[in-house]
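> Pasting the sequence and the predicted model now:
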Amino acid sequence: MRLFTASSVLLLAFLEPLRAGQPLPFSTVFRGESTFYMLVAKAKQENWRSRPLGERMALVGKALLGTPYRSYTLEIDDHIEAPSANLLGVDCWTFFEIALGFSRMLELQPADYTPQDLLAVIELDRYRGGHCNGLYTSRLHFLEDWIYDNERRGLVKNLTVSLGGVPMRGRYLNEMSRYWRSSRYLRNNPSLVPAIRNMEERVASRTVYHIPRDRVASIEPKIRSGDIICITGHGPEGFTEHVGLAYRDGVGVLHFMHASKDEHRVIIDVALHQYLYRYQKFAGIMVVRPLDISPSEESHLAATDNG
């Protein structure tokens, strides 16, 4: 009973600022209401809420199989950054993000889910410190930074080092600042480019680990369905090339479930270690396990709401 009450309060802490101050129309920030309510009905029928977070994520991912691959779905305005979701088309990042957000939403309340609930939980994971301030720079643009910020807040556990990860040396980040005209937000707000450059330098200054692909088969038994799999590249520019979810089938094979640009849709692919050898550019993986909402994050968000 205590957990249900705390979770309900937390959800209200997420929702009130969003409902009171949403600067963009709902039709702009959310697409795919029929898909959302299909997922809600399926979750209720199959009692997804009773399953551990990772299993929930795998179930959401499977329910989204066949969803078209679509790029730039977060580029929704020329100036205003806002939590958004498009269930009609996803890229590799928004696929895992929606699976995680929907699964967290189920944790936070027992019924009566709305698209606004999903947007509120997506804000928690997508933005630095769990808060979107309306600026493009509040979004966590790099997977390495997303992992760092979410782990700092107790929302995920980066398992890479414990699974035998090694440092990725000699890497740098400059793609966003160098090709800023390719971003709708930066093209219309060039004054933000220096802040993006600072962000790139800060992320690149950290030591980032990965598991080389020739070691992945040996550690697959330690990976669970719903773990976030970040696929690394050989560099030197950047750290990651792709992202998706681990999915263990009924006979125990660990597959890679992802929004595939080549297949133009969400699919369950071959075994993870086999997938890594399909493309020469892939060097290895990072393994990140989502965690239930931490008490410290509940306290932080409740204090923010009351303040």
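Noted; the coordinates are in hand. Numbering: from 1, shown residues only.
> Would you map the strands across the stretch 201-307 of the chain?
209-212, 228-233, 240-248, 254-260, 265-271, 282-290 (DSSP state E, counting those that start in this stretch).
> cool, and the stretch 51-200 of the chain?
85-86, 156-158, 166-167.
> Could you say which of these is packed most deeply?
strand 85-86 (a mean of 22; mean count of other C-beta atoms under 10 Å). To be clear about C-beta, it is placed using only N, CA and C from the backbone, and glycine gets the same treatment.
> The closest residue to Leu74 other than its chain neighbours: what's it in contact with?
Closest residue to Leu74 apart from its sequence neighbours, by C-beta to C-beta, 6 or more residues apart in numbering: Ser84 at 6.1 Å. Ser84 makes contacts with 24, 28-30, 73-74, 76, 119, 122, as judged by C-beta atoms under 8 Å, 6 or more residues apart in numbering.
> Please work out how many residues are found near the residue nearest to Leu88 when sequence neighbours are not counted.
Nearest non-adjacent residue to Leu88, counting by C-beta to C-beta, 6+ apart: Gly32, 4.4 Å away. Gly32 has 18 neighbours, counted by other C-beta atoms under 10 Å.
> phi, psi of Gly32?
phi 100, psi 40 (degrees, to the nearest 10).
> My guess is it contacts Ala85. True?
Yes. Counting by C-beta atoms under 8 Å, Ala85 is a contact partner of Gly32 at 7.4 Å.
> Quick one, grab the pLDDT at the residue nearest to Leu88.
For Gly32, the model assigns a pLDDT of 98.
> For Tyr179, see how far away it is.
Here Gly32 is placed at a distance of 29 Å from Tyr179 (C-beta to C-beta, to the nearest Å).
> Equivalent analysis for Leu59, please.
The gap separating Leu59 from Tyr179 is 37 Å, by C-beta to C-beta.
> quick one: which of those two has more around it?
Leu59 (23 against 10).
> Pretty sure that one sits against Arg49.
No. Contact criterion C-beta under 8 Å: Leu59 and Arg49 do not qualify, at 10.6 Å.
> Now list whatever residues contact both of those two.
Ala43.
> Ends of stretch 60-75, what's the gap?
Its first and final residues considered, stretch 60-75 spans 24 Å by C-alpha to C-alpha, to the nearest Å.
> coming back round to it: among the strands of the stretch 201-307 of the chain, which comes closest to Pro110?
Evaluated over the strands of the stretch 201-307 of the chain, closeness to Pro110 peaks at strand 282-290, with 20.0 Å, by C-beta to C-beta.
> where's that closest one relative to the chain centroid, distance-wise?
Taking C-alpha atoms, centre = their mean, to the nearest Å, one finds strand 282-290 lying 13 Å from the centre of the chain it belongs to.
> Per-residue pLDDT of the closest residue to Pro221 other than its chain neighbours, please?
Leaving aside its chain neighbours, Pro221 sits nearest to Leu254 (8.0 Å; criterion: C-beta to C-beta, 6+ apart). At Leu254, the pLDDT value in this model is 99.
> Low-confidence regions, the stretch 201-307 of the chain specifically.
295-307 (pLDDT under 70).
> need the helices for the stretch 1-150 of the chain, in chain order.
According to DSSP state H, counting those that start in this stretch, the stretch 1-150 of the chain carries its helices in the segments 2-21, 26-29, 33-46, 53-63, 92-108, 115-126, 143-152.
> Throw the strands of the stretch 201-307 of the chain into a markdown table and include mean neighbour count, thanks.
Listed next are the strands of the stretch 201-307 of the chain as a markdown table, based on neighbours: other C-beta atoms under 10 Å:
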| stretch | mean neighbour count |
| --- | --- |
| strand 209-212 | 20 |
| strand 228-233 | 25 |
| strand 240-248 | 23 |
| strand 254-260 | 24 |
| strand 265-271 | 18 |
| strand 282-290 | 23 |
